[in-house]
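Visitor: pasting the structure only:
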Ligand SMILES: Cc1cc2nc3c(=O)[nH]c(=O)nc-3n(C[C@H](O)[C@H](O)[C@H](O)COP(=O)(O)OP(=O)(O)OC[C@H]3O[C@@H](n4cnc5c(N)ncnc54)[C@H](O)[C@@H]3O)c2cc1C
């Protein structure tokens, strides 16, 4: 069964998120971008409106919604401001390691507070000296009785300056790479936690991004989300659930750019004509729309896979790098359609251009997504086509013709140039590439 129909509840949620985005976010988006500040009252309103942390299960006091719903909400919020979408969504990113950990006690203690008390969470793998290479974490976790003492600096932490809780990934031994990585739920009020200054950014300026320094921060054993050796997997499982949503950021931002460009194209005239009537502009608009639609399908598919309980690692990577790169292309085309005005701060494209640039970097760069997908192709992907040397590629005769001269003969295929030879023996030398007999592999009987 394949069905793209949204349920009445999903449509309602989408409409609620759209209304929130238009009424609460769009009017303030450029102001908060300018002042480089996270509008906590708007996060609070998003929380009260029920469009934050929707995937906390009902048994922990949450709404128990899925990633498809998160994708629907995020597209709407990101269309209005991807910086605010990052702030709103980041609480889900920070909450996810708790949700998918095996620590039932931590789930019972923290998830109801996140679901009901407007407690914000952050996610911290990155450090000043590493981002892509998660196994290269240096933040030290030193066992002390049943507790751990954490020392190190986590960097680029979204919402780090406003969060109550942070999922901190650390290592018991930096040399042991993956085997040493563990994860802890740290409360930002705890002794030894220091929040750094807001990192000045190019775009998504209303999302709070800071470094967090930890000096001998004591974490009780109850707050271990992943023991040593299990932290890396926990981080990867988290990304498999959050990367589709980064795809939705791309879809939302690209859709907004398309709609602005469509509007502008109808209003702008050159050489006595509306620019919408030039095929060059129409083709741009058509391709922009194609990218928005394709990106949405990929993100929905990946979110859906996750909601079915499947491992969505590969589809999440594909959705992330396609949707975020195509968003960049769509915004760039929109800017071109706006001409000089697209390059000014008087129109919305300039901010979109800066905001979407981040999507190809955080939660795993585009390069990292390609590494994941290529790794899957080279090690796990199941081909349906036969190996090239066994391919029944007969040009010389109809293999169904039992009276053909080659019928019933052995087939020898040159592994270098693909030449097919019929006969009891392979030729001494390939007549095309001149490789010796050893280059031939017996394929099958014709
Ligand atoms: C605004 C912002 C918010 C962020 N929020 C968070 C957050 O909340 N929590 C968190 O933990 N992190 C966060 N990050 C960090 C983000 O995840 C990292 O910046 C990202 O993973 C890239 O790491 P890096 O910056 O260290 O780049 P590096 O890992 O140093 O990479 C530099 C370049 O080399 C490329 N590269 C690296 N390795 C390879 C390879 N093997 N093959 C090919 N190319 C490679 C990368 O793709 C990149 O282009 C945030 C970053 C930003 C900018």
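Guide: In hand now; what should we look at? The structure displayed is predicted, hence computed values, not measured ones.

Visitor: do you know how far residue 28 is from the ligand?
Guide: 20 Å (C-beta to the nearest ligand atom, to the nearest Å). Glycine gets a C-beta too; all of them are placed from N, C-alpha and C.

Visitor: okay, now the closest residue to that residue other than its chain neighbours: neighbour count?
Guide: Spatial nearest neighbour of residue 28, excluding adjacent residues (C-beta to C-beta, 6 or more residues apart in numbering): residue 39 at 6.3 Å. Residue 39 is flanked by 21 other residues according to other C-beta atoms under 10 Å.

Visitor: what does the model give residue 39 for pLDDT?
Guide: With respect to pLDDT, residue 39 has a value of 95.

Visitor: now do residue 320
Guide: What the model reports as pLDDT for residue 320 is 98.

Visitor: what about it, neighbour count?
Guide: Quick note: residue 320 (other C-beta under 10 Å) scores 33 neighbours.

Visitor: in a helix, that's where it is, yeah?
Guide: Yes. Counting by DSSP: H, G, I helix; E, B strand; the rest coil, residue 320 falls inside a helix.

Visitor: Now for it: which residues touch it?
Guide: Residues near residue 320 by C-beta atoms under 8 Å, 6 or more residues apart in numbering: 243, 244, 246, 247, 363, 364, 366, 369.

Visitor: Which ones among the residues you listed lie within strands?
Guide: Judged by DSSP state E, strands contain none of these.

Visitor: For residue 32, state which of those residues is nearest.
Guide: In terms of C-beta to C-beta, no member of the contacts of residue 320 lies closer to residue 32 than residue 246, at 20.7 Å.

Visitor: if I pick that closest one, what's in contact with it?
Guide: Residue 246 sits next to 320, 323, 324, 359, 362, 363 when contact means C-beta under 8 Å, 6+ apart.

Visitor: sorry, back to before: let me see the contact set for the residue nearest to residue 28.
Guide: Contacts for residue 39 (C-beta under 8 Å, 6+ apart) come out as 28, 32, 84, 206.

Visitor: of these, closest to the ligand?
Guide: Set against the ligand, the nearest of these by C-beta to the nearest ligand atom is residue 206 (11.4 Å).

Visitor: Give me the number of neighbouring residues for that closest one.
Guide: 27.

Visitor: what does residue 209 give?
Guide: Count around residue 209 with other C-beta under 10 Å applied: 24.

Visitor: Phi, psi for the nearest residue to it once chain neighbours are set aside please.
Guide: Excluding the flanking residues, the one nearest residue 209 by C-beta to C-beta, 6+ apart is residue 199, at 4.7 Å. Dihedral pair for residue 199: phi -80, psi 120, per degrees, to the nearest 10.

Visitor: Against the ligand, how distant is residue 199?
Guide: Separation of residue 199 from the ligand (C-beta to the nearest ligand atom): 7 Å.

Visitor: do the same with residue 190
Guide: Distance from residue 190 to the ligand, by C-beta to the nearest ligand atom: 19 Å.

Visitor: hang on, that residue packs against residue 220?
Guide: No. Taking contacts as C-beta atoms under 8 Å, residue 190 lies outside contact range of residue 220: 10.1 Å.

Visitor: Return the residues of this protein in contact with the ligand.
Guide: 122-126, 130-133, 156-158, 201, 209, 358, 361-365, 367-368, 371 (C-beta under 6 Å from any ligand atom).

Visitor: Out of these, which sit inside helices?
Guide: 367, 368, 371 (DSSP state H).

Visitor: Would you mind confirming that the first one is in contact with residue 132?
Guide: This means residue 367. Yes. Judged on C-beta under 8 Å, residue 367 makes contact with residue 132 at a distance of 7.4 Å.

Visitor: model confidence over the host helix or strand of residue 85, on average?
Guide: Per DSSP states H and E, residue 85 falls inside helix 82-100. Mean pLDDT, helix 82-100: 96.

Visitor: before we move on, back to that, just the buried residues out of the residues of the chain next to the ligand, in PyMOL syntax.
Guide: Selection of buried members from the residues of the chain next to the ligand for PyMOL, criterion 16 or more other C-beta atoms under 10 Å:
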select buried, resi 122+123+124+125+126+131+156+157+158+201+209+358+362+363+364+365+368
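
Visitor: Can you show me the helices along the stretch 301-446 of the chain?
Guide: Assigned by DSSP state H, counting those that start in this stretch, the stretch 301-446 of the chain shows helices spanning 313-338, 349-357, 366-379.

Visitor: And those: which comes nearest residue 173?
Guide: Residue 173 lies closest to helix 366-379 among these, at 23.6 Å (C-beta to C-beta).

Visitor: Which positions in the closest one come out as buried?
Guide: In helix 366-379, counting by 16+ other C-beta under 10 Å, buried: 366, 368, 369, 372, 373.

Visitor: which other residues reach that helix?
Guide: So helix 366-379 is contacted by 132, 243, 313, 314, 317, 318, 320, 321, 324, 325, 360, 364 (C-beta under 8 Å, 6+ apart).
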